[in-house]
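Chemist: just coords:
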């Protein structure tokens with residue numbers, strides 16, 4: 001696990017399943033526009049949360065790339081799920097700005113709800129095809145910029161990576177940016 005302290009915030013990377021993070025108040029779903037269960041992160045979160053999550057999501061969809069909405073966590077160990085729609089690499093433009101907005105808008109919801117801890121997956125790097133290193137740079141730079149402009153919430157930010165290779169890339173970027 002790579003971990004740093006910055007302006008009284010803890011930012012870390014860890015390897016694991018985003019739907020199994022009991023120490024975090026909120027987790028982020030790399031959602032599809034209709035907020036439906038799918039594969040990857042969305043599938044794992046919906047499966048662990050139960051049918052009530054899909055029912056609540058039905059009333060919030062569709063969302064646009066970069067937008068973030070919040071629901072209850074239901075059967076997850078987390079109080080909240082923040083759903084954000086990342087860009088499809090090579091299709092949704094400007095993709096870097098849209099990806100940054102996923103992180104900014106999710107962190108804004110943390111401030112609004114006074115959420116103290118949040119876990120992010122590597123948004124858009126799965127079936128949406130965003131190159132992992134480029135996505136990591138955007139994610140971590142955006143997290144740093146958001147902390148610089150918002151000194152209150154959240155206090156603990158975790159990037160939860162499913163593969164060892166993705167974690168290794170994020171660890172290097174974390175050390176480089178901070």
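Modeler: Perfect, thanks for sending it. Note that the structure is predicted; figures quoted are calculated from it, not measured.
Chemist: residue contacts, the residue nearest to residue 175 when sequence neighbours are not counted?
Modeler: Nearest residue to residue 175 in three dimensions, chain neighbours excluded: residue 2, at 6.8 Å (Cβ to Cβ, 6 or more residues apart in numbering). Quick note: C-beta positions are derived from backbone N, CA and C, even for glycine. With contact taken as Cβ atoms under 8 Å, 6 or more residues apart in numbering, residue 2 is in contact with 12, 13, 170, 171, 174, 175.
Chemist: how about a cut-off of 6 Å?
Modeler: Contact analysis of residue 2 by Cβ atoms under 6 Å, 6 or more residues apart in numbering lists 13, 171, 174.
Chemist: By neighbours, which of those residues wins?
Modeler: The residue in the contacts of residue 2 with the most neighbours, by other Cβ atoms under 10 Å, is residue 13 (26 neighbours).
Chemist: Report the beta-bridge partners for the residue nearest the centre of the chain.
Modeler: In the chain, the C-alpha nearest the mean C-alpha coordinate belongs to residue 120, at 2.9 Å (Cα atoms, centre = their mean). On the basis of DSSP bridges, residue 120 is bridged to residue 159.
Chemist: Pretty sure it sits against residue 28.
Modeler: Yes - judged on Cβ atoms under 6 Å, residue 120 makes contact with residue 28 at a distance of 4.7 Å.
Chemist: that older thread, restricted to strands, list the contacts of residue 2.
Modeler: Judged by DSSP state E, the contacts of residue 2 include residue 13 as members of strands.
Chemist: want to try CSV for the contacts of residue 2, with distance to residue 101 as columns?
Modeler: Formatted as CSV, these follow (distance: Cβ to Cβ, whole Å):
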residue, distance to residue 101
13, 21
171, 24
174, 20
